[in-house]
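**Q** Pasting the sequence and the predicted model now:
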Amino acid sequence: DTAVSQTPKYLVTQMGNDKSIKCEQNLGHDTMYWYKQDSKKFLKIMFSYNNKELIINETVPNRFSPKSPDKAHLNLHINSLELGDSAVYFCASSLYSLQETQYFGPGTRLLVL
Amino acid sequence: RKEVEQDPGPFNVPEGATVAFNCTYSNSASQSFFWYRQDCRKEPKLLMSVYSSGNEDGRFTAQLNRASQYISLLIRDSKLSDSATYLCVVNQGHQAGTALIFGKGTTLSVSS
């Protein structure tokens, strides 16, 4: 059983396009996250939601818009994709907060051409 | 000064070796500390939390020095399967909305 799943696993697209990445967790966790891991392997938090409410919004361009329809899902929509958006995007979840273990999804490898 | 700093390595060691990784953090208000492991092209997974008194899990020992703002991970009797990138992770506070800061990772390669 997959605990945290993401789709798609790979995404290749042109600059200027709009794309979405979906994330679902079946762990019953309250908090979900989006991270970006760039080509230098640096992992940086982008957003966090707790029970569908945004609690962390790091300095991310407003072209990135997270949406949480329920506490088991946290999707990421990206408008007007740019070359610099190419990275691996990881979704994660934890039971209540940042204090606990985070469980990561397998990642979505985004390449913007 | 970077928020969480690690020696990127790579550390190349033979099987059976003991290897230690260090990590420093800049925010003295940091509350929680972790080591995560990330295999090539995989997601990070929790290796162990780090407690003030130090803690051990099999061949792995983690230590925290709050005064020096320093965290360490010791791996004894290295196995080939220990080859991975080890990420030092720091939580900057108890309040909801505080960020989890990841170091850039230390790469370990264990050879036979």
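**A** Yes, it's here. Keep in mind that what you see is a predicted model, and the values were worked out from it rather than measured.
**Q** Find the nearest non-adjacent residue to the closest residue to chain B within chain A, please.
**A** Here chain A gets closest to chain B at one residue, residue A:104, 3.7 Å apart by CB to the nearest CB. C-beta here means a position set from N, CA and C on the backbone, and glycine is covered the same way. The shortest distance from residue A:104 to any residue other than its chain neighbours is 3.7 Å, reached at residue B:43 (CB to CB, 6 or more residues apart in numbering or on different chains).
**Q** what's the worst-scoring helix or strand of chain A on mean pLDDT packed up against?
**A** One helix or strand of chain A scores below all others by mean pLDDT, DSSP states H and E: strand A:53-57, with a mean of 81. Helices and strands touching strand A:53-57, by 3 or more CB pairs under 8 Å, 6 or more residues apart in numbering or on different chains; DSSP states H and E, are strand A:43-50, strand A:64-70.
**Q** in that strand, what counts as buried?
**A** By 16 or more other CB atoms under 10 Å in any protein chain shown, the buried positions in strand A:53-57 come out as A:55, A:56.
**Q** Next: stretch B:22-35.
**A** By 16+ other CB under 10 Å, the buried positions in stretch B:22-35 come out as B:23, B:24, B:25, B:27, B:30, B:32, B:33, B:34, B:35.
**Q** contacting residues around it?
**A** A:98-99, A:101, B:1-7, B:46-50, B:60, B:62, B:64, B:66, B:68-73, B:86-94, B:101, B:103 (CB atoms under 8 Å, 6 or more residues apart in numbering or on different chains).
**Q** follow-up on the earlier one: tell me the most buried of the helices and strands packed on strand A:53-57?
**A** Highest mean neighbour count of these: strand A:43-50, a mean of 22 (counted as mean count of other CB atoms under 10 Å in any protein chain shown).
**Q** Would you map the strands across the chain?
**A** You didn't say which chain, so I picked chain A. According to DSSP state E, chain A carries its strands in the segments A:4-7, A:10-13, A:19-25, A:31-37, A:43-50, A:53-57, A:64-70, A:73-78, A:87-94, A:103-104, A:108-112.
**Q** You answered for a different chain; I wanted chain B.
**A** B:4-6, B:11-14, B:19-25, B:32-38, B:44-50, B:55-57, B:60-65, B:70-75, B:84-91, B:100-102, B:106-111.
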